[in-house]
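K.L.:
Build me a model:
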Amino acid sequence: MMVILRGGVDILVATPGRLLDLEHQNAVDLSKIEILVLDEADRMLDMGFIHDIRRVLAKLPAKRQNLLFSATFSDEIKGLASKLLHNPASVEVARRNTASEQIAQSVHFVDKNRKRELLSQMIGEGNWQQVLVFNRTKHGANHLAEQLNKDGITAAAIHGNKSQGARTRALADFKDGKIRVLVATDIAARGLDIDQLPHVVNYELPNVPEDYVHRIGRTGRAERTGEAISLVCVDEHKLLRDIERLLKREIPRIALDGYEPDPSIKADPIQNGRQGRGAQRPGMGRGSSAGRPQNGGGAAGRGDSRNSRPRSQADGQRRPAGPSSRGRSRNPGE
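P.N.:
Numbering: from 1, shown residues only. From the prediction side, this is the model:
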């Protein structure tokens, strides 16, 4: 590769760190760059590449064309764009922050320490065979996948700390039906293309409202219907309000008998905005609750829940928590 690079190329695709390595080895001359493209800029920021990006920018000629691509436009992305771009033209390929009408969205209010129990029960009783579950932290994703496997539900986690090979194997197993649940962080799930994915579950709401739209957009594609379920504890009420403000509508609530939140639990609100890399550490604050042992245990760990089906009181009816209770015919815009 070094010989090829030193001979000159028209296009070079590289991660920021690897590009700096090549420049240090005199394999590339960054002072001759004419066009810079930052693809998946939000992902690179979340993975801690900002310092490498700044080092690359410092080595580029002042006169060049810059292109920045990003699925979300957080304050961090806007800040990077303001420093990198001069009088940029903005191009959007789709309306921002909108959810497909093919997706039936719903919210279940549940105590944090009973989320896994409820998730295991819904997957088991609904006989769900393919479920994409989102967690805020890498440690939390690992812990949830481990606990689901203990509950007898095959699961794997994908996140930035997993090797590319491990992520590829997990995704292949998920698509082939070898595992039923794929637990992912927002960044690791970027670019996932899963044909006819029926269920997306927000085990934890995202810190950035726009990420909710990208999460649930993994289902309901190509005119097919899909289901997006959010398990919301008292700490996440503000995050839910921020999401609904972005969507400009309320997401339907469905109360489940046996899983009513304990009104005595006080909220410790999770702040929105992207978490730094330090926020991924387990046990740091209540926002990383999925990374701690669940007091309620899983569906296999509670003798009073395995045989008691959660029931819904939506629309004045009492229904099981399987697919029928979600209301397949429910208008997602109601």
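
K.L.:
wait, doesn't Gly220 sit right on Gln102?
P.N.:
Yes: using C-beta atoms under 8 Å, Gly220 makes contact with Gln102 at a distance of 3.8 Å. C-betas here are computed from N, CA, C, even on glycine.

K.L.:
more neighbours, these two?
P.N.:
Gly220 (24 against 14; other C-beta atoms under 10 Å).

K.L.:
what separates the more buried one from Val110, distance-wise?
P.N.:
23 Å (C-beta to C-beta, to the nearest Å).

K.L.:
in stretch 122-130, what counts as buried?
P.N.:
122-126, 128, 130 (16 or more other C-beta atoms under 10 Å).

K.L.:
next one: stretch 140-155
P.N.:
Buried residues in stretch 140-155, counting neighbours by 16+ other C-beta under 10 Å, are found at 140-145, 147-148, 150-151, 153, 155.

K.L.:
so the spatially closest residue to Leu22 that is not a sequence neighbour, which of the three states?
P.N.:
Excluding the flanking residues, the one nearest Leu22 by C-beta to C-beta, 6 or more residues apart in numbering is Val28, at 4.9 Å. Using DSSP: H, G, I helix; E, B strand; the rest coil, the secondary structure recorded for Val28 is coil.

K.L.:
Domain boundaries for the chain, per the record?
P.N.:
Per automatic domain parsing, the structural domains of the chain span 2-84, 103-326.

K.L.:
Need these in CSV (columns: mean pLDDT).
P.N.:
Shown next, in CSV, are the domains of the chain (pLDDT from 0 to 100):
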stretch, mean pLDDT
domain 2-84, 86
domain 103-326, 79
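
K.L.:
which of those sits most buried?
P.N.:
Per residue and on average, the most neighbours among the domains of the chain fall to domain 103-326, with a mean of 18 (mean count of other C-beta atoms under 10 Å).

K.L.:
now it: how far from the chain's centre is it?
P.N.:
Distance of domain 103-326 from its chain centroid, counting by C-alpha atoms, centre = their mean, to the nearest Å, is 10 Å.

K.L.:
Check this protein and tell me which residue is nearest its centre.
P.N.:
When C-alpha atoms, centre = their mean is applied to the chain, the residue found nearest the centroid is Asp186 (2.7 Å).

K.L.:
Who are the contact partners of that residue?
P.N.:
For Asp186, the contact set (C-beta atoms under 8 Å, 6 or more residues apart in numbering) comprises 46, 134, 136, 206, 208, 211, 214-215.

K.L.:
Now it, what are its backbone angles?
P.N.:
The phi and psi torsions at Asp186 (degrees, to the nearest 10) take the values phi -60, psi -40.

K.L.:
For Ala157, give me phi and psi.
P.N.:
Torsion angles, degrees, to the nearest 10, at Ala157: phi -110, psi 140.

K.L.:
Also the one 3 residues further on?
P.N.:
Comment: the main-chain dihedrals of Gly160 come out as phi -60, psi -20, following degrees, to the nearest 10.

K.L.:
Using JSON lines, lay out the domains of the chain together with distance to Ser90.
P.N.:
Converted to JSON lines, the domains of the chain look like this (distance: least, C-beta to C-beta, whole Å):
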{"stretch": "domain 2-84", "distance to Ser90": "9"}
{"stretch": "domain 103-326", "distance to Ser90": "16"}
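
K.L.:
Determine which of those domains approaches Glu92 most closely.
P.N.:
domain 2-84 (9.7 Å; C-beta to C-beta).

K.L.:
what's the span of the closest one from first residue to last?
P.N.:
29 Å (C-alpha to C-alpha, to the nearest Å).

K.L.:
now stretch 125-141
P.N.:
Start-to-end, stretch 125-141 (C-alpha to C-alpha) is 22 Å.

K.L.:
likewise stretch 157-164?
P.N.:
12 Å.

K.L.:
quick one: the helices in this structure?
P.N.:
2-7, 16-24, 41-46, 50-58, 75-84, 115-126, 138-150, 164-175, 209-216, 237-247, 323-326 (DSSP state H).

K.L.:
Distance to Gln65 added to those helices, as CSV?
P.N.:
Shown next, in CSV, are the helices of the chain (distance: least, C-beta to C-beta, whole Å):
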stretch, distance to Gln65
helix 2-7, 21
helix 16-24, 17
helix 41-46, 16
helix 50-58, 14
helix 75-84, 11
helix 115-126, 47
helix 138-150, 35
helix 164-175, 30
helix 209-216, 27
helix 237-247, 32
helix 323-326, 48
